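J.: requesting a structural model of the entry that follows:
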Amino acid sequence: MRQLTSKEIEALQASGCSADDWKNISVADGFNPDSVSKTSFSGKCQIGSFSGITEINGVPFKRGINNARLHNCVVGNDVVIDGISRYISNYEIADGAILVDNSEIYCNDSTAFGTDTKIAVLNENGGRSIPLSPALTAQLAYFAVMFRDYKIFTERICKYLDDKSKEYLSRPAGSPRGYIGKDSVVMGCKKIANVWIGDNATVKDCSSLENGIIKSSASDPAIITTDVLAQNFILCNGAKVMDGAIIRNTFVGQNTEVGLTFSATDTFFSANCQAFHGESCSLFGGPFTVSHHKSTLLIGAMFSFMNAGSATNQSNHYYRLGPNHEGILQRGSKTASGSYVLWPAVTGVFTLVKGKHGGNLDTRKLPFSYLIEQNSETWIYPGSSMKSCGTMRDINKWKKRDKRKTIDENSDIINFDVMSPFIVAEVAEGFEFLTEKQHHQRRAGVNYHKYGRAKMHSVAVDEGVDLYAMFLSVFAIRLIKSCDSANLKSLYEKAANYEIDKWADIAGAYCSRKKLFNFIDKVANSNDYSDVITSFLSDLKNGYEEEKLMWGLKFILEQRFNGDIDAAVSAEAISDIMNEGETAENTLAKMIATDKEREFSQFMQVGYGLDGNDQIGDFNAVQDKDNVADIPVF
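T.: Numbers count the residues shown, from 1 in each chain. Here you go, the predicted structure:
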């Protein structure tokens, strides 16, 4: 950079420019004063060189600075700055950025860009608050939120996130505090205060953005547009916040969309979520948490792979000690229109909630269930969602809908496996529990069973036993098929030394509890806990398949063969597993196909052919039944 020449200063003044001290203005070699007009400078400013034209929606803009006021700014090469009605202060504006028709963009020297904010996730009273950090992932957020009884571990996870924030936001000495990234577009915004804007980001027509970070890159740009109000926020690569959304103390994960006037407060959204029209408060939204309806409230809750029906609601407040209750619908759960759950409560995986439920339920040992309100009571139908084509459609669609363009060490770990040790163990526990209930009903001749404050019909218990047994058979056949048959005995021998343990679903990633608590101890007791965290996350991502194989073989060995390896590898045993598994897969496939056919029954044709045209023909043309693909089992 160099000082302006006297001729350049004269040319700038002739173009309507001014400065409180021209000595504080330096320019790049190749700078042409003709590229700057009607601009006032104050403080120390550095200006790059400009040449050529940039088109915005087909409209040509001359590269350079026009009609603006800059204070303590560094402006890169080939930038377009035009129509700044108030000022830009304390920002570095990187090469190729476009800033047009904005009011005020400023940054305070002391700002932390929102990373000094704590977000009250899950517990609205703040008992599980975590730091807002660009280093947050679903797994790190889960660690920071869920283990408050391990104080040193929690403190160190939060310290790790704080340190990563400072590293991310570090600036060279003497540089402006703020940053607007290379090839980013900032247009039509009223107020941008203390916001870090990454490369290639699009920020357009926003009402007010304060204290935030927009992570973005050329391969996976972030977008925030149209009447958005945001305060204390982070957007990840590929995120979109738009159309009047209001977000406060909120983290928006990769490829997550928030819009259509959705309001989010103290919310963590993992990757691939969608939030439209409704409201969230103290929400831990794991991967693929979806809400599309104006009347839906998600509050004091943890979800993942979840779809909220219209008018879904929860209560986290008993009007005694404040909103201090919380609830969890485990992976794959969904709520029907008008559903309500009183927290605290927790469901098993892939549970459908329909109606209103105030019994503080814990149905973890009854996965794949329907919770149905009947006559103001909760009735449980264990395993029923296994028969649903909707459940199987959900399971098969999520991987296809993972639209993240960059997946690296800073991305959420998302494991789509339904036949995981975590889920298999829940199903096995449910099978044992229902089998005991089945024996009781046969001895006592009862018609229903109590389960906490809920009930189960005896016929539902019988069906649940059958469905869980089929799931376990499908798991067994698929695991054995994944093994090299020639090495099956050696694999069983290796697995025999593996310790069967319950697993955890860490916001989309599976891990054995033994490994998890070893990690917690290491973080709490290690001076180099940062390396421990990095190593564990890498292993969590890359070590799953081998651990699942060992766990699964040990599970089959104990459950079916009482630990007898010779019996397990016998031709008869393998044949039994294959036959049972194939029968279970075929039976489930028929159930799912039957459920799918209900979508094409005569009752679904009501309203078609409304004006005397062919009802069936109209229905088939709309539904395109012949092109509806078969839905695979799990």
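J.: residues in contact with residue 217?
T.: By C-beta atoms under 8 Å, 6 or more residues apart in numbering, the contact list for residue 217 reads 198, 199, 200, 237, 406. No exception for glycine: its C-beta is placed from N, CA and C like everyone else's.
J.: so where does it fall, helix or strand?
T.: Applying DSSP states H and E as the criterion places residue 217 outside every helix and strand.
J.: give me the element residue 41 is part of.
T.: Using DSSP H and E, residue 41 falls in strand 36-42.
J.: now do that strand: which elements does it pack against?
T.: Strand 36-42 is packed against strand 18-19, strand 64-71, with contacts defined by 3 or more C-beta pairs under 8 Å, 6 or more residues apart in numbering; DSSP states H and E.
J.: please identify the deepest-packed of those strands.
T.: strand 64-71 (a mean of 22; mean count of other C-beta atoms under 10 Å).
J.: return the list of strands paired to that strand, each annotated with direction.
T.: Strand 64-71 has the following strand partners under DSSP bridges: strand 36-42 (parallel), strand 80-82 (parallel), strand 87-89 (parallel).
J.: figure out which of those is closest to residue 95.
T.: strand 80-82 (11.3 Å; C-beta to C-beta).
J.: show me what counts as buried in the strand holding residue 41.
T.: Neighbour-count burial for strand 36-42 flags 36, 37, 39, 41, 42 (criterion: 16 or more other C-beta atoms under 10 Å).
J.: distance between it and the chain's centre?
T.: From the chain centre to the centre of strand 36-42 is a distance of 44 Å (C-alpha atoms, centre = their mean, to the nearest Å).
J.: could you list the paired strands of the very next helix or strand once past that strand along with their orientation?
T.: The element immediately downstream of strand 36-42 (helix or strand, assigned by DSSP H and E) is strand 45-47. Paired with strand 45-47 in the same sheet, following DSSP bridges, are strand 25-27 (parallel), strand 74-75 (parallel).
J.: buried residues, stretch 111-125. List them.
T.: Buried residues in stretch 111-125 (16+ other C-beta under 10 Å): 111-115, 117, 119-125.
J.: scratch that, stretch 176-195
T.: For stretch 176-195, the neighbour count (16+ other C-beta under 10 Å) marks 176-189, 191-195 as buried.
J.: quick check: mean pLDDT across it?
T.: Mean pLDDT, computed over stretch 176-195, is 98.
J.: and stretch 498-510, how far from the chain's centre?
T.: Centroid separation for stretch 498-510 versus its chain: 19 Å, with C-alpha atoms, centre = their mean.
J.: how close does the most centrally placed residue in the chain sit to residue 492?
T.: Nearest residue to the geometric centre of the chain (C-alpha atoms, centre = their mean): residue 270, 2.0 Å. According to C-beta to C-beta, to the nearest Å, residue 270 stands 37 Å off from residue 492.
J.: now the helices and strands packed on strand 36-42 in CSV, with distance to residue 260?
T.: Formatted as CSV, these follow (distance: least, C-beta to C-beta, whole Å):
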stretch, distance to residue 260
strand 18-19, 44
strand 64-71, 33
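J.: in JSON lines: the ones you listed, plus mean pLDDT and distance to residue 582.
T.: Listed next are the helices and strands packed on strand 36-42 as JSON lines, based on pLDDT from 0 to 100; distance: least, C-beta to C-beta, whole Å:
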{"stretch": "strand 18-19", "mean pLDDT": "98", "distance to residue 582": "81"}
{"stretch": "strand 64-71", "mean pLDDT": "98", "distance to residue 582": "71"}
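J.: who does the strand or helix carrying residue 300 touch, helix- and strand-wise?
T.: Using DSSP H and E, the secondary-structure element containing residue 300 is strand 297-303. Packed against strand 297-303 by the contact rule (3+ C-beta pairs under 8 Å, 6+ apart) you find strand 279-285, strand 289-291, strand 313-315, strand 327-329.
J.: return the most buried member of those.
T.: Stretch with highest mean neighbour count among those: strand 279-285 (a mean of 27; mean count of other C-beta under 10 Å).
J.: quick one: contacts of that one?
T.: For strand 279-285, the surrounding residues in contact (C-beta under 8 Å, 6+ apart) are 120-124, 141-142, 145, 262-270, 273, 275, 289, 291, 296-304, 316, 323, 326, 507.
J.: and for stretch 444-453?
T.: 358-363, 366, 378, 380, 437, 440-441, 455-458, 461.
J.: residues of it that come out buried?
T.: If you call a residue buried by 16+ other C-beta under 10 Å, then stretch 444-453 has these buried ones: 449, 451.
J.: quick one: average confidence on that stretch?
T.: Rounded mean pLDDT across stretch 444-453 is 91.
J.: for stretch 474-482, same thing?
T.: 98.
J.: stretch 572-586 now?
T.: Rounded mean pLDDT across stretch 572-586 is 98.
J.: stretch 626-634 now?
T.: Per-residue scores along stretch 626-634 average to 81.
J.: how about it as PDB, C-alpha atoms only?
T.: Taking C-alpha atoms only, stretch 626-634 is exported to PDB below (Å, rounded to 0.1, in the frame of the first residue of the first chain):
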ATOM      1  CA  ASP A 626     -47.800 -46.700 -11.200                       C
ATOM      2  CA  ASN A 627     -44.700 -44.500 -10.500                       C
ATOM      3  CA  VAL A 628     -44.800 -44.700  -6.800                       C
ATOM      4  CA  ALA A 629     -41.700 -46.700  -6.000                       C
ATOM      5  CA  ASP A 630     -41.800 -49.700  -3.700                       C
ATOM      6  CA  ILE A 631     -40.700 -48.800  -0.200                       C
ATOM      7  CA  PRO A 632     -37.900 -51.000   1.200                       C
ATOM      8  CA  VAL A 633     -37.800 -52.400   4.700                       C
ATOM      9  CA  PHE A 634     -35.500 -50.400   6.900                       C
END
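J.: tell me how far it is from the chain's mean position?
T.: Distance, centroid of stretch 626-634 to centroid of chain: 26 Å (C-alpha atoms, centre = their mean).
J.: who's in contact with that stretch?
T.: For stretch 626-634, using C-beta under 8 Å, 6+ apart, the contacting residues are 389, 392-393, 395-396, 418-419, 474, 585, 588-589, 592-593, 596.
J.: which pair of these spans the longest distance?
T.: Largest separation among the contacts of stretch 626-634 by C-beta to C-beta: 419 and 596, giving 21.7 Å.
J.: tell me which stretches of the stretch 401-550 of the chain form helices.
T.: Assigned by DSSP state H, counting those that start in this stretch, the helices in the stretch 401-550 of the chain fall at 421-444, 458-481, 488-496, 513-525, 529-542, 544-561.
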